[in-house]
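Novice: Would you be able to build a 3D model of this:
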Amino acid sequence: MGTDEDTGHGTEDTGHGTGDTGHGTGDTGHGDGYGREEAPTPDVCVVGAGPVGLTLAIALRRLGLRVRIVDKAPATKREARALVLWARAREALDSLGVGETLTRHGVELETVTVHARDRDLGQLTTGWARSAHARPLNIEQHDIERLLAEELARLGTRVEWNTEVTDVKVHDDRAEFTLRHEDGTAESAVAPWIVGCEGTASVVRDRLGIPFEGRRRTGLQVVQGNAHPTWRISEEPGRGHIFLAPHRSLLVFPLPGGGFRFFCFRDDPDPALTAAPTLDELRDLVAETARMPGLRLAATERVWLNRARFSDRVAARLRHGRGLLAGDAAHAWAPVGGHGMNVGVLGAHNLAWKLAAVHHGQAGEALLDTYSDEQRHMAVRYIREMRFNFMELPLPPLGYRAFTATVPFALARRGFQRRLDLRLSDLGRNHADSTLSRHRPARRRRPGPRAGGRMPDVALATGEGPAALRLHTLLGYDRWTLVLRAGRAGPGVLDAVHVACQGFPSPVRVLPVTPWNEAEARRLGHPDDLLLVRPDGYVGLVAPLARTSLLRSYLAALAAGPA
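Specialist: Residues are numbered from 1 along each chain as shown. This is a model prediction of the structure:
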């Protein structure tokens, strides 16, 4: 039922109440930006104003922290680069209040037709997952950055462009750093925390002495650009294309403003060639791969052409005392699958609530180590899996013939479509191995959410009409949420739950719910279980309602700091 009028007890908040941490969420006293003399000391300095840094800054501001965000680039030099936001990253950004804005400026990808040898092998369909943002959203990186920077400014913080971090030193209680401004002057600054989000050549990572482990990917280059094609394929909103050929894989996705982004993963016959491709080179590559010799390409209004080679690297750790890493400063790999930006955004979403909890004294510093462990494991899994993404990686002739022979049969199966869509959406990604994830009894095989997995967006009955309410609309980034069945939430159970939550310094919302139907009830799990959902939407604890001692011990360990 979503709300608790039917239980007679109401939806209640323990700790500090729903969203009221006592620290505020918007006004921190530094106005629209930092003057170098009068500005108060920030709680966090974020280095790098790409999508990850901006997401982190917005999340921290919504949790009441003062943020200073700097970037050595001028605001006017932002490139297209990444294009796709997948479902889980869209959910994360929506929880920070920017989901609708991004959706208005993008185009959802509905289907992708796969071509090889002048014929269609079938099509991929998206949107199988249970999510308000089930389809991938095509929106260019420079638009994401602009929209996020505008939202951050509305929260009272503006990006300091043309400001480069040149040195960082961390101490037990603070981080000291040196900034070089556009006019060449240097500034010595301090903050309790500093987070490097400034890309693979991270100064923060270098000064913290954290190795960037991995190796260069050889035999692969990506040639990409934005263009308007003249070809025999009809253009439909929301439809993309994949063209497969020996040693080539061409992805073509619609752009929000018209035209297409062309990605061509290909072999690397001339590794010394580093210059950006010309439009003619891109045209020849597309025409050859798609077998369309008469193809013509016209540049889009914002011209963007790029040639890139990549390394697969992950930082040895993402935290050194008061310094942390996120985004490409923490992990980077070839853009096979298009998940690099998404994993970075999810990392920022993971980090911000933990950093705020530690800064506000609601958890021990060891909570930040769970961010490092969870995010590193996610990055390592992606690098491993993307090495087997044969839909995008260029294959030799024999491998190409074998793979394309199987594609029509796979695409004709609904089960394959569902599994592939779930993997691409990132909704199935989990933190099951995290010290924050506890499932009691550990060997129970009941259906429903598992500790460490994303909380399903279950449809709930409201008792107020035929429309269902989505569970995710009742979760909050500023609190933990304890989900239990309304039918089991009698006075004794609720009293025991509240007693278990007493003394936990972070807000916890106790949420009795009624699933919409039996199918939704199965997705929610056993009716005698309680589910403790983290602020970032992952399940932290699954335990029997009769054993609220497990809830109490979990929260006590969290407040002290996970072992």
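
Novice: going forward, measure contacts between C-alpha atoms and count neighbours the same way
Specialist: OK.

Novice: Name the secondary structure element that contains residue 391.
Specialist: Taking DSSP states H and E as the definition, residue 391 sits outside all helices and strands.

Novice: Domains in this protein, by residue range?
Specialist: For the chain, automatic domain parsing gives the domain ranges 5-21+435-560, 44-83+140-214+312-385, 221-308.

Novice: pLDDT weak spots in this structure?
Specialist: Scanning the chain for pLDDT under 70 picks out 1-39, 76-80, 442-445, 465, 561-563.

Novice: in its sheet, what does the longest strand out of those in it sit against?
Specialist: Counting residues, the longest strand in the chain under DSSP state E turns out to be strand 221-230. Sheet partners assigned to strand 221-230 using DSSP bridges are listed as strand 260-266 (antiparallel), strand 296-299 (antiparallel), strand 305-308 (antiparallel).

Novice: In PDB, list the C-alpha atoms belonging to it.
Specialist: What follows is strand 221-230, C-alpha atoms only, in PDB (Å, rounded to 0.1, in the frame of the first residue of the first chain):
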ATOM      1  CA  GLN A 221      41.300   1.600 -32.000                       C
ATOM      2  CA  VAL A 222      38.000   3.500 -32.000                       C
ATOM      3  CA  VAL A 223      37.200   5.900 -34.800                       C
ATOM      4  CA  GLN A 224      34.000   7.900 -34.000                       C
ATOM      5  CA  GLY A 225      32.200  11.000 -35.000                       C
ATOM      6  CA  ASN A 226      28.800  12.800 -35.300                       C
ATOM      7  CA  ALA A 227      27.300  13.100 -38.800                       C
ATOM      8  CA  HIS A 228      24.200  13.100 -40.900                       C
ATOM      9  CA  PRO A 229      24.200  10.100 -43.300                       C
ATOM     10  CA  THR A 230      22.600   9.900 -46.700                       C
END
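
Novice: other SSEs contacting the next helix or strand along the chain from that strand?
Specialist: Using DSSP H and E, the helix or strand that follows strand 221-230 in sequence is strand 239-245. On a contact count with 3 or more C-alpha pairs under 8 Å, 6 or more residues apart in numbering; DSSP states H and E, strand 239-245 meets strand 111-116, strand 248-254, helix 279-290, helix 397-411.

Novice: what about 7 Å?
Specialist: Counting contacts by 3 or more C-alpha pairs under 7 Å, 6 or more residues apart in numbering; DSSP states H and E, strand 239-245 is packed against strand 111-116, strand 248-254, helix 279-290.

Novice: With respect to residue 460, which of the ones you listed lies nearest?
Specialist: Proximity to residue 460 (C-alpha to C-alpha) singles out strand 111-116 among the helices and strands packed on strand 239-245, at 29.4 Å.

Novice: contacts for that closest one?
Specialist: Here strand 111-116 makes contact (C-alpha atoms under 7 Å, 6 or more residues apart in numbering) with 120-126, 238-245.

Novice: Select from the residues you listed the one having the most neighbours.
Specialist: Highest neighbour count within these, by other C-alpha atoms under 10 Å: residue 244, with 28 neighbours.

Novice: could you measure that residue against residue 404, distance?
Specialist: For residue 244, the distance to residue 404 equals 8 Å [C-alpha to C-alpha, to the nearest Å].
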